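Asks: Got a predicted model here, sequence first, then my questions.
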There are 2 protein chains.
Amino acid sequence: MKRTAIQLHQNDNVAIAVELIPVGQEALPGLIALEDIPQGHKIALHDILKDSPIVRYGVDIGYAMHNISRGRCVKETSLRLPVPPKLEDMHWGINTSAALPTATRSTFKGFVNPWGGPAGTRNLLGISTTVQCVTGVLNIAVQRIRQELLPRYPYVDGIVALNHAYGCGVAINAPDADIPIRTLRNLVRHPNFGGEVMALGLGCEKLTLEMMLEKEDNIQENVLMLQEIKGFQAMISAIMEMAERKLKKLNQRRRQTLPLSDLLIGMQCGGSDAFSGVTANPAAGYAADMLVQAGGTVLFSEATEVRDGAHLIAERCADEICFQKLVSEMRWYDDYLTRGGADRSANPTPGNKKGGLSNIVEKAMGSIAKSGTAPIVEVLSPGEKPTKKGMIYANTSASDFVCGTSQLASGITLQVFMTGRGTPYGLAAAPVIKICSRNELKEQWGDLIDINAGLIATGEMTITEVGTLLFNEILDVASGLKKPAAEEYSIYNDLCLFNPAPIT
Amino acid sequence: MKRTAIQLHQNDNVAIAVELIPVGQEALPGLIALEDIPQGHKIALHDILKDSPIVRYGVDIGYAMHNISRGRCVKETSLRLPVPPKLEDMHWGINTSAALPTATRSTFKGFVNPWGGPAGTRNLLGISTTVQCVTGVLNIAVQRIRQELLPRYPYVDGIVALNHAYGCGVAINAPDADIPIRTLRNLVRHPNFGGEVMALGLGCEKLTLEMMLEKEDNIQENVLMLQEIKGFQAMISAIMEMAERKLKKLNQRRRQTLPLSDLLIGMQCGGSDAFSGVTANPAAGYAADMLVQAGGTVLFSEATEVRDGAHLIAERCADEICFQKLVSEMRWYDDYLTRGGADRSANPTPGNKKGGLSNIVEKAMGSIAKSGTAPIVEVLSPGEKPTKKGMIYANTSASDFVCGTSQLASGITLQVFMTGRGTPYGLAAAPVIKICSRNELKEQWGDLIDINAGLIATGEMTITEVGTLLFNEILDVASGLKKPAAEEYSIYNDLCLFNPAPIT
């Protein structure tokens, strides 16, 4: 039988409506809705007195602004936002021994990474740029490379122009400039670029080749500077010639059977709703636990969606270094928001709220479900590369584009993207698997959603089942056996570097 | 006879080398170079004592860090940066009666703007977006529209997808969020989009259609929301159908002879060198004065490159409102930079310095030359639309991409871009005329540079001659009689919205 409302934790005093519960209908045995409860919204399980906590996920997600009767809808306007957990009161290492589900596969077929580190899941020609000045010329060249050269190199999966808005007109020595610079540096050697560096610069920009490239990569056969080339037509020729040299090399590469310890993936959610934390994100967390159990590495991110659960993440930190980094990253983000006259309450979108998410605490509790239960072995600053394997918190903004770009810089070769409201999000440098939180989205976007976790809400599948399905999908896509929808249609978002430093 | 060194102002104690002046060669009558003076770099005309001013453009561009002998090179490391002019000590209205050169033409052939305001110089289909989530799908649709539909509508010049990184994952209520929101709102109704609004949204983003569109534009025939459409293939069809309806209407439009008071253009410089302030920028200033004399409107911008000449701009302000706005915009930018741990000295690039520009004061004096001599009738915040005609300071960052995007939002239908080191910069929504400051760049990039102002440095042309040439080029390009190089090759930079508010 399909479920009408979902109570997640025994201490919860609200449940969420699986579908619209009309006034007068029984939501749970003996509980009659006193008003319409829209899909994903909360119904009060008991009378809730003014100022007492609203509890979901076993956590106080807010305090009642007024008395709320049993059977009433707990609306966004009925909750007062709690203060976030105090960073100085957090503890580490007290929740690091969860039993992880056993992985049913231990290998995948990937491309050995010539630079060392995580294996590639695709064989791409990545063209790095120091500055947006070169974008216009590069785009024209890339179009021609795709049409004229790529078909001759069937073992190369595609070309990625790493266009971005950084590189000049920026305060490159400002305290926070290390973030975009590190992000670009790490993108150059993305594991899906097969050990080949191709970089395009202008010649007078602030971000020099020396700043963007490893010393050994900054050699004539890898770099082109437009100001040194005699005119537009010669620029196009020079880019195409270098691209062809790289394509020839990349075309020699073949997949090999590799242990899952060579796999580094990222998880992100976007356009979340009240089901995200019940269906898609817990299923992603289950798949993450399986991957970690098998030796793989999984990044989760999104500072403002972790902040209200930071104490729970802290408890899972495996050591003090990891914990202290978590504290400092969270503090940095708090300060950054304060400097700009905002705080984490700026996060939920109108769509989140329409989907039943009342505030950032409720959103955060759903968001961190994607991190599963494994110990957190490392915390990364935005765009940093991991040095450990296992579950890792990679601090980034929650913005889909910024998070995607930052995780790519950290080296993910595949991303799992959970969505409730729906977004056609995709990345050019790594395949993206999209998993939706509601059956309605799968029905609406049948050709864009790869996995439907909505069946968990209706009781037709379990978290374990969808999680295992996702685990297998991750390995199939990583191995090149399957293309997710975004990759099939070439739906790609632009890179969006996180630059908290000023524009000049 | 070609010149060897240029002294710009009678009070200057330095001159700049037109080409490399080798040690021992005569730079000016009786002045022997005591060391090699690289092209664009400064030679001391007199002995300069430690701590005394280095004077160029008749202005103290810095103070000597050590004694500098007559004939020596005044290097970047020889100057101490002066403090910027105090905003509270500036005066307005004392330099507002310059005699402007007479314009030789009084009309151009443009597209009447159905929304009112400046005329169009191109007939484009502009597709606005609320959020980057839709970019991947839109780009695929646009490619098909270009291939399958556009050839059937020969009076339409092109299609512009207004992709950007804003719209969600941002602190949309933060104090500074008005800047990106205003910029996007104003871009929707760009004069080159012929009165047709086409807007694409997702459905759950923070920047809603209500926030981005005028109320009368937010109607079913103008907007598509991806979450309301049943899958990817249907999205592409829906976008193409709407585009075709718009193309049909746009295809009816024809150019008309219009007065220059209907023309709104922008001026910007990028990749500047020591010649920019001697050749390209003064020539642009001369053309600007001609346009203003004929009733046209010219925007100049770039906060950090105006800051050190703010007192000179203030003196040209036509009224107190304009002056007070200048003060408040300059103060806002000072504070913005300070908040991020930077100041205006973050501006010059390695390329600027290589080109002989020692610091931001020297760069600024060259930069403001593009504003000519006309009174300043209005000062705009970033992305604001002008309400007056004449010479206008539109406050934007000096970053080429941010300035270009902001000036487009202000409604420019053509941009003049001065460059010393060289950039292949272009805009999709308005043609860009590129004018270089040195003969060498014209030789190197013959097919990318439209006008060579380098002949002024070598004494082969005058500022008046190049300025008049540029004035005619502006009107020819605005009238659709000519395509500048960037438009001819479709070299387009991406939009880059100025968002000083936090990412969440």
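Replies: Yep, that arrived. Residues are numbered from 1 along each chain as shown, chains lettered A, B, ... in the order given.

Asks: Could I get the average pLDDT for stretch A:151-159?
Replies: Stretch A:151-159 shows a mean pLDDT of 98.

Asks: Next, the distance between the ends of that stretch.
Replies: Across its full length, stretch A:151-159 reaches 12 Å between end residues, using Cα to Cα, to the nearest Å.

Asks: Could you give the backbone dihedrals for the closest residue to chain B within the stretch 51-200 of chain A?
Replies: Closest to chain B within the stretch 51-200 of chain A is residue A:169: 2.4 Å, counting by Cβ to the nearest Cβ. Just so you know, the C-beta spots here come from the backbone N, C-alpha and C atoms, and that holds for glycine as well. Per-residue torsions, residue A:169: phi 70, psi 30 (degrees, to the nearest 10).

Asks: which regions of chain A lie under the pLDDT threshold?
Replies: Low-confidence segments of chain A, defined by pLDDT under 70: A:1-2.

Asks: So for it, the centremost residue is which one?
Replies: residue A:268 (2.6 Å; Cα atoms, centre = their mean).

Asks: gap between that residue and residue A:306?
Replies: Computed with Cβ to Cβ, to the nearest Å, the distance linking residue A:268 and residue A:306 is 12 Å.

Asks: overlap in contacts of these two?
Replies: residue A:300 (Cβ atoms under 8 Å, 6 or more residues apart in numbering or on different chains).

Asks: Skipping its backbone neighbours, what lies nearest the residue located most distally from the centre of chain A in space?
Replies: In chain A, the greatest distance from the average C-alpha position (Cα atoms, centre = their mean) is reached by residue A:230, at 41.8 Å. In this structure, residue A:230 finds its nearest non-sequential neighbour in residue B:444, 5.9 Å apart by Cβ to Cβ, 6 or more residues apart in numbering or on different chains.

Asks: List the contacts of the one you found.
Replies: With contacts taken as Cβ under 8 Å, 6+ apart, residue B:444 has the following neighbours: A:227, A:230, A:231, B:422.

Asks: Could I get the full set of strands for the stretch 251-400 of chain A?
Replies: Secondary structure of the stretch 251-400 of chain A (DSSP state E, counting those that start in this stretch): strands located at A:256-259, A:264-269, A:297-300, A:376-380, A:391-394.

Asks: What is the burial count for the closest residue to chain B within the stretch 251-400 of chain A?
Replies: Scanning the stretch 251-400 of chain A for proximity to chain B using Cβ to the nearest Cβ identifies residue A:351 as nearest, at 1.9 Å. Each residue near residue A:351 was counted by other Cβ atoms under 10 Å in any protein chain shown, and the total is 24.

Asks: my guess is it contacts residue A:276, does it?
Replies: No - under the contact definition of Cβ atoms under 8 Å, residue A:351 does not touch residue A:276, with a separation of 11.5 Å.

Asks: Now residue A:428: closest residue in space, sequence neighbours ignored.
Replies: If you skip the residues right next to it in sequence, residue A:428 has residue A:492 as its closest partner in space, 4.1 Å away by Cβ to Cβ, 6+ apart.
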